[in-house]
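Asks: give me coordinates for this.
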Amino acid sequence: MRHSGIALLMTLVAIAGCAPGSGDHAPAPALRSADALPQRLPPSGSHGKIAADQVGKVSPVPAFEGGAADWRISIHATGGMRHSVRLSQGGNAASGTARYRATGIPDRHALDGTLYSDRGDRAMHVTLQRGECSGVDGRVHPYGVEVAVDGMARLRGCGELAVR
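Replies: Residues are numbered from 1 along each chain as shown. I've put the predicted structure just below:
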């Protein structure tokens, strides 16, 4: 019985690649307890938040897609606090740029910038407010969006904040 235990041990050592004379195999990494493993997930309640050292340097709005039945907006961070914006309405589309501006109000984001079009550049203000928003598609979205462009009627709709 004792010999079968040694044979089993030698078989396990050989399978693990640690048998004497098997120098072409790297030793197996040491196992750690679950308590010693690094945490790969963000702490509870921090989903979608940026690190404290990035506040004021990186926009908390990496990407946003939204609108209503007759218009759409697409926002994408381009670096730091800058964003590219594309607004389409009634078959017309215009691009622009915007800069994130902290509002001091929880769950509210603001972007101020310029919408460039054939009819001239116009000041633009976009507000994203977290909260249930019922879209024309019958779905409930996590954000409401409001777009104000000089010389245009204010646009209101729903959308999704996304991570790119």
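
Asks: mind listing the strands in this protein by residue range?
Replies: Assigned by DSSP state E, the strands in the chain fall at 63-68, 71-79, 82-89, 92-102, 108-116, 122-134, 140-149, 155-162.

Asks: what number of residues lie near the spatially closest residue to S88 that is not a sequence neighbour?
Replies: The shortest distance from S88 to any non-neighbouring residue, by Cβ to Cβ, 6 or more residues apart in numbering, is to R72 (4.9 Å). Every residue, glycine included, has its C-beta placed from N, CA and C. Number of residues near R72 (other Cβ atoms under 10 Å) recorded here: 17.

Asks: could you do G80 as well?
Replies: With other Cβ under 10 Å as criterion, G80 counts 12.

Asks: then D107?
Replies: Neighbour tally, D107, other Cβ under 10 Å: 11.

Asks: residue contacts, the nearest residue to it once chain neighbours are set aside?
Replies: Closest residue to D107 apart from its sequence neighbours, by Cβ to Cβ, 6+ apart: R130 at 3.6 Å. When contacts are counted by Cβ atoms under 8 Å, 6 or more residues apart in numbering, R130 touches 107-108, 142-143, 161.

Asks: tell me the contacts of the residue nearest to S88?
Replies: So R72 contacts 65-66, 87-89 (Cβ under 8 Å, 6+ apart).

Asks: next one: R82
Replies: R82 touches 59, 97-100, counting by Cβ under 8 Å, 6+ apart.

Asks: which of these count as buried?
Replies: 59, 98, 100 (16 or more other Cβ atoms under 10 Å).

Asks: hey, which helix or strand in the chain has the poorest pLDDT?
Replies: Every helix and strand of the chain was ranked by mean pLDDT, DSSP states H and E. The lowest is helix 2-15, at a mean of 41.

Asks: ok so, going back, local confidence estimate at the residue nearest to D107?
Replies: On pLDDT, R130 comes in at 96.

Asks: is it in a bridge, and if so with what?
Replies: Counting by DSSP bridges, R130 is bridged to Y143.

Asks: one step back: bridge partners for the residue nearest to S88, pull those for me.
Replies: Going by DSSP bridges, R72 is paired in beta bridges with G67, S88.

Asks: and it, how close does it get to E160?
Replies: Per Cβ to Cβ, to the nearest Å, R72 is found 12 Å from E160.

Asks: now the common contact residues for those two.
Replies: 65-66.

Asks: pLDDT at the residue lying closest to A94 once chain neighbours are set aside, what is it?
Replies: Distances taken as Cβ to Cβ, 6+ apart place S117 nearest to A94, at 4.2 Å, with adjacent residues excluded. At S117, the model reports a pLDDT of 85.
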